[in-house]
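Novice: Below are the sequence and a predicted model; questions follow.
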Amino acid sequence: MIYESTRTKERQEELVDNGKSQTRKSYHIVGQAFDFVPIVNGKEGWNSYDLELYIKYAKSLGFTWGGDWKGFVDEPHLQFEYKGYGTDKTLENKPKPPVYPGKIIKKGSKGKNVQLVQKELGINADSIFGPITDQAVRNFQKKNGLSVDGKVGPITSSKLFN
């Protein structure tokens with residue numbers, strides 16, 4: 001059962017003040033974390049954290065588990081850090097993906113479309129497709145099972161912006 005997901009800043013401050021959290025910059029505030037408890041025989045199973053299979057699956061999706069933390073361990077906690085704190089707030093705040101511009105964006109390209117790609121990849125958006133952008137595109141392509149060529153054509157663009 002998920003018992004807490006998005007929090008207000010005030011709620012997070014209260015938890016820090018009470019020693020139940022360690023940071024005021026929580027992924028809960030930006031909608032990228034949740035706390036859960038297993039239900040065992042119809043009741044909350046606070047002492048039944050035999051969830052290895054579920055935690056392994058969540059990690060394979062890109063979640064970080066609070067049970068792996070050093071120092072302050074937070075076992076009922078999962079957070080999503082794919083592009084960093086506050087980048088995946090809500091779908092309603094996410095701008096509509098740009099339409100594929102009709103030409104391949106690659107090393108040496110410049111301009112607004114390069115900047116959009118860089119922003120989506122979470123790297124410095126200087127509008128110049130240089131070696132850092134090339135490597136970020138290649139990493140994205142590899143991670144998403146695409147042909148790794150460092151070019152943003154219709155297939156990579158579609159996957160990147162959806």
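Specialist: Yep, that arrived.

Novice: So Gln79 belongs to a strand, correct?
Specialist: Yes. Counting by DSSP: H, G, I helix; E, B strand; the rest coil, Gln79 is found in a strand.

Novice: Please give me every residue in contact with it.
Specialist: By C-beta atoms under 8 Å, 6 or more residues apart in numbering, Gln79 lies in contact with Tyr27, His28, Gln32, Ala33, Phe34, Phe63, Thr64, Gly66. In this view, the C-beta of every residue, glycine as well, is placed from N, C-alpha and C.

Novice: what residues go with each domain of the chain?
Specialist: Domain assignment of the chain by automatic domain parsing yields the ranges 2-80, 95-160.

Novice: Deepest-packed of the ones you listed, please.
Specialist: Most buried of the domains of the chain by mean neighbour count (mean count of other C-beta atoms under 10 Å) is domain 95-160; its value is a mean of 16.

Novice: how distant is the host helix or strand of Tyr57 from the center of its chain?
Specialist: According to DSSP states H and E, Tyr57 maps onto helix 52-60. Its chain's C-alpha centre and that of helix 52-60 lie 16 Å apart, by C-alpha atoms, centre = their mean, to the nearest Å.

Novice: I would like the residues contacting it, please.
Specialist: In contact with helix 52-60 (C-beta under 8 Å, 6+ apart) are residues Trp65, Gly67, Leu78.

Novice: Just the C-alphas of the biggest helix by length in the chain, formatted as CSV.
Specialist: Ranked by residue count and defined by DSSP state H, the top helix of the chain is helix 131-143. The C-alpha coordinates for helix 131-143 follow below in CSV (Å, rounded to 0.1, in the frame of the first residue of the first chain):
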residue,chain,number,x,y,z
PRO,A,131,30.9,15.9,-28.2
ILE,A,132,29.0,16.1,-24.9
THR,A,133,25.6,16.1,-26.7
ASP,A,134,26.8,13.3,-29.0
GLN,A,135,27.7,11.1,-26.1
ALA,A,136,24.4,11.9,-24.3
VAL,A,137,22.5,10.9,-27.4
ARG,A,138,24.5,7.7,-27.8
ASN,A,139,23.9,6.8,-24.1
PHE,A,140,20.2,7.5,-24.6
GLN,A,141,20.0,5.4,-27.7
LYS,A,142,21.8,2.5,-26.1
LYS,A,143,19.6,2.7,-22.9
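
Novice: same for it, what does it pack against?
Specialist: helix 112-121, helix 154-160 (3 or more C-beta pairs under 8 Å, 6 or more residues apart in numbering; DSSP states H and E).

Novice: quick one: average confidence on it?
Specialist: Mean pLDDT, computed over helix 131-143, is 95.
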